[in-house]
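Undergrad: any chance you can model this:
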Amino acid sequence: MTATAAIKIQRFSEVSDDDCQARIQAAKEVLGERLLILGHHYQREEVFRHADASGDSLKLSRVAAASRAEYIVFCGVHFMAEVADILSRPDQVAILPDLAAGCSMADMANLAKVERAWRELSEVIDPDQTVTPVTYINSAADLKSFCGEHGGIVCTSTNARHVLEWAFERREKILFFPDQHLGRNTAYKMGIPLDDMVVWDFDQPMGGLTAEQIKNAKMILWKGFCSVHQMFRPEHIDAFRKKFPDGKVISHPEASFEVCQKSDYVGSTEFIIKTINESPDGSRWLVGTELNLVKRLAEQNKARGTHVHFMSPTLCMCSTMFRIDPQHLLWTLENLVEGKVVNQIKVPEKTAAQARLALQRMLDLNI
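TA: The predicted model follows:
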């Protein structure tokens, strides 16, 4: 960002939230169908309300691919805007209102570490013949590209089981990154024993594993996690059940194995929303996922007497998702009104081509 741009965004940071809301709406009206704002469910409410389409990663990936808008403004994090750029037309522009909106989980796996792991695996097995690399959509474009190049695929929390089934049909093992919990919880529900899963510690030679462990494993899980979902603990569920014996517990599969095993339901963000919104009036829920979404669900269901509780006693939101505020969105849109594109996300075509292949393998499953 140039010094001039920094000064201008500083000026926008001083705009009140009320003024922001009105000016954002005015900019949207000027841009009309040239603009599509995508909002992930974890966004703060004052930004989320301006989304033309909302959803989890899979839904928004499809919306980005189908969009005819000239500008795709992604209110989410960096990897999501990369996916929008990869799947959109060459004449479309993907924009992230705040470039600091990243993902700590995605940062736990980078291309250098994954390529090193692939080389080290080759000392024990032939990974190109025996291992399918599967990356969670919460990852950088170059890791999606790595999967495309090596016969792999992308997954989301919605379609993880179907993706793993696809992968096992092709090779006997899976290297799953960056989130170990989604990989473990999904594989276990498929009937794969925990003994057939190992964790690859990317800070250790050979992932901290023996040759025998690698040879025997079906799932090689990257030692990554979501900083929000790791805060949820089994004892939080125990305390809830003691206080509300009739209450139900629902968790995202990025939560730990122990938390998911104690939950009544485990599923993606869209699954959580659907399950709670369709639950009986007056029901009570403990929810193990990001705070902004839980607060939104609580508000939406309050009128029918349904109680929605956040699982952790410590209020924690995704700090990187929270980076996008109304002021950054306003700065982005008013620049577009003036014919200026700021914070464009552009994936190099060589990387995008292989990443697109891995993403298309996922989309072709039609899940």
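Undergrad: the spatially closest residue to Ala53 that is not a sequence neighbour sits in which helix or strand?
TA: The spatially closest residue to Ala53, leaving aside those adjacent along the chain, is Val63, at 4.6 Å (CB to CB, 6 or more residues apart in numbering). (Each C-beta comes from the backbone N, C-alpha and C, glycine too.) Under the criterion of DSSP states H and E, Val63 resides in helix 57-66.
Undergrad: just Ala100 next, same as before
TA: For Ala100, there is no enclosing helix or strand under DSSP H and E.
Undergrad: separation between it and Ala217?
TA: When distance is defined by CB to CB, to the nearest Å, Ala100 is 37 Å away from Ala217.
Undergrad: same check, this time on His181
TA: Distance, His181 to Ala217, using CB to CB: 17 Å.
Undergrad: how about Asp17?
TA: Asp17 sits 50 Å away from Ala217, going by CB to CB.
Undergrad: show me which of those two is the more surrounded one.
TA: Ala217 (22 against 10; other CB atoms under 10 Å).
Undergrad: give the contact list for that one.
TA: Counting by CB atoms under 8 Å, 6 or more residues apart in numbering, Ala217 touches Lys173, Asp196, Met197, Val198, Leu209.
Undergrad: can you tell me the centre-most residue of this protein?
TA: In the chain, the C-alpha nearest the mean C-alpha coordinate belongs to Asn138, at 4.4 Å (CA atoms, centre = their mean).
Undergrad: my read: it touches Phe79, true?
TA: Yes - using CB atoms under 8 Å, Asn138 is in contact with Phe79, at 6.1 Å.
Undergrad: shared neighbours of these two, which are they?
TA: Taking CB under 8 Å, 6+ apart as the criterion, Asn138 and Phe79 both touch Cys103, Ala106.
Undergrad: spatially nearest residue to Leu60, not counting backbone neighbours?
TA: Closest to Leu60 by CB to CB, 6+ apart is Leu38, at 5.0 Å.
Undergrad: elements contacting the helix or strand the one you found falls within?
TA: In this structure, Leu38 sits in strand 35-40 according to DSSP H and E. Applying 3 or more CB pairs under 8 Å, 6 or more residues apart in numbering; DSSP states H and E, one finds that strand 35-40 makes contact with strand 53-55, helix 57-66, strand 71-75, helix 78-87, helix 326-337.
Undergrad: switch the cut-off to 7 Å
TA: Under the contact criterion of 3 or more CB pairs under 7 Å, 6 or more residues apart in numbering; DSSP states H and E, strand 35-40 touches strand 53-55, helix 57-66, strand 71-75.
Undergrad: output the below-cut-off pLDDT ranges for the stretch 101-250 of the chain.
TA: For the stretch 101-250 of the chain, no stretch is flagged by pLDDT under 70.
Undergrad: show me the strands in it, by range?
TA: Assigned by DSSP state E, counting those that start in this stretch, the stretch 101-250 of the chain shows strands spanning 131-136, 153-155, 173-177, 197-200, 219-222, 248-251.
Undergrad: deepest in the core, which of the ones you listed is it.
TA: Mean neighbours per residue, mean count of other CB atoms under 10 Å, is largest over these for strand 153-155, with a mean of 29.
Undergrad: neighbouring strands for it, and are they parallel or not?
TA: Applying DSSP bridges to the sheet, strand 153-155 is found paired with strand 131-136 (parallel).
Undergrad: so how far is the partner strand off the chain centroid?
TA: Computed by CA atoms, centre = their mean, to the nearest Å, the chain-centroid distance of strand 131-136 equals 16 Å.
Undergrad: before we move on, what about stretch 328-346?
TA: Its chain's C-alpha centre and that of stretch 328-346 lie 24 Å apart, by CA atoms, centre = their mean.
Undergrad: how about stretch 242-249?
TA: The gap between where stretch 242-249 is centred and where its chain is centred comes out at 29 Å by CA atoms, centre = their mean.
Undergrad: same check, this time on stretch 120-135
TA: Distance, centroid of stretch 120-135 to centroid of chain: 25 Å (CA atoms, centre = their mean).
Undergrad: quick check: end-to-end length of it?
TA: Across stretch 120-135, the terminal residues are separated by 18 Å (CA to CA, to the nearest Å).
Undergrad: again, but for stretch 155-164
TA: From its first residue to its last, stretch 155-164 covers 8 Å (CA to CA).
Undergrad: got the buried residues for that stretch?
TA: Buried residues in stretch 155-164, counted by 16 or more other CB atoms under 10 Å: Cys155, Thr156, Ser157, Thr158, Asn159, Ala160, Arg161, Val163, Leu164.
Undergrad: between those, which is nearest Lys59?
TA: For those, the closest approach to Lys59 (CB to CB) belongs to Thr158, at 8.0 Å.
Undergrad: chain neighbours aside, what residue packs nearest to that closest one?
TA: Ser268 (4.2 Å).
Undergrad: quick one, what contacts that neighbour?
TA: Shown in contact with Ser268 (CB atoms under 7 Å, 6 or more residues apart in numbering): Asp56, Thr156, Ser157, Thr158.
Undergrad: now do Lys262
TA: Listed by CB under 7 Å, 6+ apart, the contact set of Lys262 reads Pro234, Ile237, Val249.
Undergrad: now do Lys59
TA: Residues near Lys59 by CB under 7 Å, 6+ apart: Glu270.
Undergrad: how about 8 Å then?
TA: Per CB under 8 Å, 6+ apart, neighbours of Lys59: Ala53, Glu270.
Undergrad: burial count for Asp195?
TA: 9.
Undergrad: how much space separates it from Ala187?
TA: According to CB to CB, Asp195 and Ala187 sit 12 Å apart.
Undergrad: that's all I had, so thanks and see you.
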